[in-house]
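J.: Requesting a structural model of the entry that follows:
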Amino acid sequence: MSDNLNAEENIFLGGQISGKHPVYQDLAQLSSSGFIWWFLKTSRNPEWKKKSAAEKIQDIIYVTGQIEFINNSSELTKLSAIMGDTRKTSSLKGLKDELTARIYKSPQP
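T.: Prediction:
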């Protein structure tokens, strides 16, 4: 039971991470090559070229931490980060409307 709950948490975590920070989808796929990919992509950005050396160093430290985080995550977290959050979501209002419709369509006893 505990392993199953842990697996669900890992899957949930990866999907939520890549939903909020899409770069994790790429970093999870690239593993140790993630920094090279990020640097080549970022260094061509005109906005990044305008940054000071200190700001560039901060960006490098930040993405290095992101890469370390994803590389130390479980395989399930990495896979769900790549796939994104694939759980079917529904709003409570939608669920309420659906249940109400079912009630009124069902024959009365």
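J.: Enumerate every residue touching the residue nearest to the spatial centre of the chain.
T.: In the chain, the centroid-proximal residue (Cα atoms, centre = their mean) is Ser18; its distance is 1.5 Å. Ser18 is in contact with 24-25, 28, 80-82, 84-85, counting by Cβ atoms under 8 Å, 6 or more residues apart in numbering. For glycine as for every other residue, the C-beta is placed from the backbone atoms N, C-alpha and C.
J.: would you put the C-alpha positions of the stretch of helix or strand Gly34 belongs to in PDB?
T.: Element membership for Gly34 (DSSP states H and E) is helix 34-43. C-alpha atoms of helix 34-43 as PDB (Å, rounded to 0.1, in the frame of the first residue of the first chain):
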ATOM      1  CA  GLY A  34      20.200  19.100 -20.000                       C
ATOM      2  CA  PHE A  35      22.600  21.900 -19.200                       C
ATOM      3  CA  ILE A  36      24.200  21.900 -22.600                       C
ATOM      4  CA  TRP A  37      20.700  22.000 -24.200                       C
ATOM      5  CA  TRP A  38      19.600  24.900 -22.000                       C
ATOM      6  CA  PHE A  39      22.700  26.900 -22.500                       C
ATOM      7  CA  LEU A  40      22.700  26.600 -26.300                       C
ATOM      8  CA  LYS A  41      19.000  27.500 -26.400                       C
ATOM      9  CA  THR A  42      19.400  30.400 -23.900                       C
ATOM     10  CA  SER A  43      22.600  31.900 -25.100                       C
END
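J.: Report the buried residues of it.
T.: 34-35, 38 (16 or more other Cβ atoms under 10 Å).
J.: Please flag which of the contacts of Ser18 sit within helices.
T.: Among the contacts of Ser18, the members falling in helices (DSSP state H) are 24-25, 28, 80-82.
J.: Just the buried ones among those residues, please.
T.: Going by neighbour count (16+ other Cβ under 10 Å), the ones in helices among the contacts of Ser18 have 24-25, 28, 80-82 buried.
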